[in-house]
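J.: Here is a sequence together with a model predicted from it:
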Amino acid sequence: MPPHVRILLGFVAGAALGVALFVAFGGEHAVVAAITSVTEPVGKLFLRALLLCVIPLVASSLVLGVTGLGDLRRLGRVGGKTLALTVVLSSISVIVGLAAANVVRPGDRLDPDVKAKLVAKYADKAQELSARAIADDKPLSEAIVGVIPDNIVAAMAKTPPDMLGLMLFALFVGVALALQKDEVKRPLVDVLEAVFKASSTMVRIVMLAAPVGVFCLLVTMTARFGFELLGALAVYVGCVLGALLFHQIVVYGAALRMLAGVSPIAFFSRAREAMLTAFSTSSSNATLPTALDITERRLTVPRPIASFVLTVGATANQNGTALFEGVTVLFLAQVFSVDLTLAQQATVLVLAVVAGIGTAGVPSASIPFIAIVLAQVGVPPEGIAIILGVDRFLDMCRTVLNVSGDMACAVIIAKSEGADVLQVEQPA
């Protein structure tokens with residue numbers, strides 16, 4: 001049975017069991033607590049095992065990607081194209097999200113009683129996130145300086161790791177290696193090749209347990225919340241999902257067709273395993289090993305380009321996150337009857353694009369950024385309590401857009417560099 005089918009079966013079975021438990025007992029019942037006390041740690045073990053492979057895989061693949069590009073002028077071209085595509089696609093995603101929120105106006109439709117219950121249920125968590133966001137909000141000059149870590153070991157030891165700092169360090173090492181003579185760089189390149197292959201093998205071993213891990217993650221979420229909160233926030237959830245789907249099919253589809261000359265249907269068909277992994281883990285970083293394998297093997301993107309674009313994109317190219325932040329800020333503004341002007345919505349656009357680029361590729365990492373943006377436009381940051389109940393599900397959905405966007409960028413850039421993409425698939 002193909003891996004993506006096993007993952008899908010695990011997802012469906014987990015969701016079905018979780019909803020059945022919720023309907024039969026309710027989210028706070030002792031039976032549900034007992035079952036989720038088993039499924040939650042198993043799901044977290046799967047997620048942590050994937051994340052365990054990320055740092056060696058990212059460091060080795062990015063250094064190898066830079067050195068593999070050879071000519072530093074080519075590196076400059078690929079880097080410039082990656083940055084340009086990231087900014088353009090992220091901007092379009094936020095515009096799509098803002099347009100959807102302005103047309104549907106989901107915040108005007110939320111029942112006041114439901115709103116009060118949601119705020120009461122998640123008030124403590126929202127206050128904690130809001131306080132953390134304000135504490136982490138630094139002046140622009142400090143934020144720019146903080147992009148480059150002064151200690152790479154400390155940057156990797158953070159929770160979550162400073163992936164942007166790690167990538168900059170790996171890029172620096174890759175550029176320095178590319179400037180060396182072959183006899184000087186060959187020993188280190190051989191070591192990094194071994195690290196990359198070993199990390200990739202570790203990922204394949206972990207992914208053997210993916211159906212069980214996905215099953216446990218879904219049981220935990222649906223058994224606790226069922227569809228109660230999704231029903232209460234159905235219009236908001238539908239608005240986010242509609243905007244995500246539009247960006248996925250229309251924007252990515254048009255970009256693939258016009259810029260790479262490939263069939264969007266063929267692309268999504270070959271990328272489905274990585275997309276399912278993204279959906280189940282809610283983490284671009286955890287999905288990165290699978291995405292790298294699928295992009296190189298099934299989309300036939302050359303490894304140097306795939307390594308560079310996907311490792312950078314896992315942190316910087318967060319289209320789904322940027323879109324979600326745009327919709328959510330407008331939704332909460334509508335809930336609190338704050339009428340945002342066009343200038344304020346333009347501010348939301350810029351902040352959401354920047355936040356999408358700077359958001360860590362781990363579950364729910366965008367929530368603190370939303371608190372910052374809300375404070376900037378005069379909406380109470382505590383309002384994020386309203387969306388916390390459905391954030392996990394929406395996080396799963398927007399991660400799919402993040403990961404498929406990275407893979408689409410890799411295909412487009414590889415095609416622009418003369419590579420034959422989406423050819424005969426390479427063996428596993």
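T.: Arrived safely.

J.: alpha carbons only for contacts and neighbour counts from here, please
T.: Will do.

J.: Pull the contacting residues for Thr295.
T.: Going by Cα atoms under 8 Å, 6 or more residues apart in numbering, Thr295 touches 271, 301, 306, 407, 410.

J.: try Ser416
T.: Contact partners of Ser416, counting by Cα under 8 Å, 6+ apart, are 259-260.

J.: what's the closest non-adjacent residue to Gln334?
T.: Computed as Cα to Cα, 6 or more residues apart in numbering, the closest residue to Gln334 that is not its neighbour in sequence is Gly107, at 4.6 Å.

J.: what's the burial count for the one you found?
T.: Neighbour count for Gly107, taken as other Cα atoms under 10 Å: 22.

J.: Let me see the contact set for it.
T.: 236, 330-335.

J.: Recalculate using a threshold of 6 Å.
T.: Gly107 makes contact with 331, 334-335, according to Cα atoms under 6 Å, 6 or more residues apart in numbering.

J.: Just the ones in helices from the contacts of Thr295, please.
T.: Residues of the contacts of Thr295 located in helices (DSSP state H): 306, 407, 410.

J.: Phe25: which of those residues is nearest?
T.: Met407 (41.4 Å; Cα to Cα).

J.: so what's that closest one up against?
T.: Contacts of Met407 (Cα under 6 Å, 6+ apart): none.

J.: how far away is it from Val32?
T.: 38 Å (Cα to Cα, to the nearest Å).

J.: Please report phi then psi for the most far-flung residue of the chain relative to its centre.
T.: Relative to the C-alpha centroid of the chain, counting by Cα atoms, centre = their mean, Glu183 is the outermost residue, at 38.9 Å. Dihedral pair for Glu183: phi -70, psi -20, per degrees, to the nearest 10.

J.: pLDDT score for it?
T.: At Glu183, the model reports a pLDDT of 87.

J.: Repeat that for the one 4 residues further on.
T.: pLDDT for Pro187: 90.

J.: try Ile357
T.: In this model, Ile357 carries a pLDDT of 61.

J.: and the contacts of Thr295, which two are the farthest apart?
T.: Ala271 and Ala306 (13.4 Å).

J.: Those two: which is more packed in?
T.: Ranked by neighbour count (other Cα under 10 Å), Ala271 and Ala306 place Ala306 first, with 29 against 22.

J.: How about that one: what's its closest non-neighbour residue?
T.: Ala410 (5.7 Å).

J.: same question, Asp162
T.: Ala155 (5.1 Å).

J.: For the one you found, what are phi and psi?
T.: Residue torsions, per degrees, to the nearest 10, at Ala155 are phi -60, psi -40.

J.: Please apply the same query to Gly378.
T.: phi 80, psi 20.
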